[in-house]
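**Q** all I have is the shape, not the residue letters:
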Ligand SMILES: Nc1ncnc2c1ncn2[C@@H]1O[C@H](COP(=O)(O)OP(=O)(O)O)[C@@H](O)[C@H]1O
Ligand SMILES: [Mg+2]
């Protein structure tokens, strides 16, 4: 099943473009499931009718659903929450335990389990996701790495300790302090779910992100950073959609200067992103309802199937230069000072500002020394010794 994620800054038009892309794909004959994982759902607003947490048919070949993020969290965390609540017994209440469990990035990932569930139905060819604004999406990408570290190192140890210590703890009345098997099982389930979602996100043969942006400096800067982070975490991006461009008729008078700025930003976008740039104009009114969304899909995609993979290019690429292996990653908008590359056993650690990605080295590279790293026109090259 093809998966397309739409992300971008708040208000740029993610929901509108997800809706248009889904409708356009349905009209190309695909069976499309449109999911919103943004807790501030607005798919219903875009279609001009209520949608909610149950799958709702909107047009031939198009079903949509707004995932209830709180219910999803409740579904995976209830045992863990109960345990935390018991830890806090006497002092705090359950509400506090709930607050403690608001882990950044987890919500979006848990909501994305819905993609797997759509796939399991076996009735859809394409799943289009209207994601939360960029910040949440990027935190989500970091979360599996963090959870993996937690599970591998800390949790395994904890579990062994708990087995040994439980009889003792029960004897001295400290039973609630040691997580029971149900809590461990809940952690393991969560870990598996998160890993499943991660597999889908990293499968560049079927999953791509589309960055929705506006032709304004601050928005474009954020889009460039998002693109770099998506590459860093191994998610393929196959298009940038520039929304709300001033139509020719509106480029004179009061808006002449805005139009000039837009042209500059568009040129900067074309130069910064090694992927297709799609465009949508600012309409005379909000883009609401099937007709408006259908017209928007035509404007953005023309005759192209909106569900097609619009650009193929792995975010992380291994190559060989002579006898030296080389890793390439697109990191536009990043400067040398932002990047740190270090080797840790069989992993390469790539740090870009505050984001860390652990890349497992291919067998042929394990044991080789780092020979250097260079940033060349927005692409980082990490070289290993021959
Ligand atoms: N190209 C456009 N022309 C006119 N109105 C638009 C356009 N794109 C989005 N809108 C309107 O802007 C508002 C915000 O868009 P929305 O898709 O909800 O943004 P986001 O999901 O990124 O927060 C909505 O009212 C939508 O109808
Ligand atoms: Mg939205």
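**A** Alright, I've got the coordinates. Not measured: the values here are computed from a predicted model. Ligands and ions are numbered 1, 2, ... in the order given.
**Q** name the element the closest residue to ligand 2 within the stretch 201-350 of the chain belongs to?
**A** As assessed by C-beta to the ion, ligand 2 sits closest to residue 212 within the stretch 201-350 of the chain, at 9.4 Å. Backbone N, C-alpha and C define where each C-beta goes, glycine included. Of the helices and strands defined by DSSP states H and E, residue 212 is found in strand 207-214.
**Q** which one's the longest helix in the protein?
**A** Among the segments of the chain that qualify as a helix by DSSP state H, the longest is helix 181-202.
**Q** give the buried residues for it.
**A** 183-184, 186-187, 190-191, 193-194, 196-198, 200-202 (16 or more other C-beta atoms under 10 Å).
**Q** over to stretch 254-261?
**A** residue 259.
**Q** what's the average pLDDT for that stretch?
**A** Stretch 254-261 shows a mean pLDDT of 93 in the predicted model.
**Q** equivalent analysis for stretch 59-69, please.
**A** The model assigns stretch 59-69 a mean pLDDT of 94.
**Q** what do you get for stretch 203-222?
**A** Mean predicted confidence for stretch 203-222 is 95.
**Q** per-residue pLDDT, the residue nearest to the spatial centre of the chain?
**A** Centroid check for the chain by C-alpha atoms, centre = their mean gives residue 137 as the closest residue, at 4.3 Å. We have a pLDDT of 77 for residue 137.
**Q** distance of the residue lying closest to it once chain neighbours are set aside from ligand 1?
**A** Using C-beta to C-beta, 6 or more residues apart in numbering and skipping the chain neighbours, the partner closest in space to residue 137 is residue 7 (4.5 Å). Residue 7 is 9 Å from ligand 1, where distance means C-beta to the nearest ligand atom, to the nearest Å.
**Q** so where is this structure shaky, pLDDT-wise?
**A** Applying pLDDT under 70 to the chain flags residues 81, 83-104, 146-147, 149-180.
**Q** hmm, try it at 50
**A** 90-92 (pLDDT under 50).
**Q** surely residue 279 forms part of a helix?
**A** No - Residue 279 is assigned strand when assessed by DSSP: H, G, I helix; E, B strand; the rest coil, not a helix.
**Q** tell me who's in contact with the closest residue to it other than its chain neighbours.
**A** Among residues not flanking residue 279 along the chain, residue 242 sits closest, at 5.2 Å (C-beta to C-beta, 6+ apart). Residue 242 sits next to 213, 214, 215, 266, 269, 277, 278, 279, 280 when contact means C-beta atoms under 8 Å, 6 or more residues apart in numbering.
**Q** do the same with residue 142
**A** Each residue near residue 142 by C-beta under 8 Å, 6+ apart is listed here: 105, 233, 355, 356.
**Q** the helix or strand where it lies and ligand 2 in contact?
**A** If you go by DSSP H and E, residue 142 is part of helix 134-149. No - with C-beta under 5 Å from the ion as the measure, helix 134-149 is seen stopping short of ligand 2, the closest distance being 11.7 Å.
**Q** and stretch 349-362, what's buried?
**A** Neighbour-count burial for stretch 349-362, counted by 16+ other C-beta under 10 Å, picks out 350, 352, 355, 356, 357, 359, 361.
**Q** now, which of those lie within helices?
**A** Using DSSP H, the subset of the buried residues of stretch 349-362 located in helices is empty.
**Q** which one of these is nearest ligand 1?
**A** Ligand 1 has its nearest neighbour among these in residue 355, at 22.5 Å by C-beta to the nearest ligand atom.
**Q** so what's the closest one up against?
**A** Residue 355 makes contacts with 138, 142, 229, 232, 233, as judged by C-beta under 8 Å, 6+ apart.
**Q** which one of the residues you listed sits in the busiest neighbourhood?
**A** Neighbour count (other C-beta atoms under 10 Å) singles out residue 232 as the most crowded of those, with 27 neighbours.
**Q** how close does it get to residue 138?
**A** 9 Å (C-beta to C-beta, to the nearest Å).
**Q** quick one: which of the contacts of residue 355 is nearest ligand 1?
**A** Out of the contacts of residue 355, the member with the shortest distance to ligand 1 (by C-beta to the nearest ligand atom) is residue 138, at 15.5 Å.
**Q** which residues does that closest one contact?
**A** Contacts of residue 138 by C-beta under 8 Å, 6+ apart are 226, 229, 230, 355.
**Q** burial measure for the closest residue to residue 268 other than its chain neighbours, as a count.
**A** The shortest distance from residue 268 to any non-neighbouring residue, by C-beta to C-beta, 6+ apart, is to residue 220 (6.2 Å). Using other C-beta under 10 Å, residue 220 is surrounded by 23 other residues.
**Q** sorry, back to before: what packs against the longest helix of the chain?
**A** Where contact means 3 or more C-beta pairs under 8 Å, 6 or more residues apart in numbering; DSSP states H and E, helix 181-202 is packed against helix 69-87, helix 106-121, helix 134-149.
**Q** ok, the closest residue to ligand 2 within the stretch 1-150 of the chain to residue 218 distance?
**A** As assessed by C-beta to the ion, ligand 2 sits closest to residue 15 within the stretch 1-150 of the chain, at 3.3 Å. Separation of residue 15 from residue 218 (C-beta to C-beta): 20 Å.
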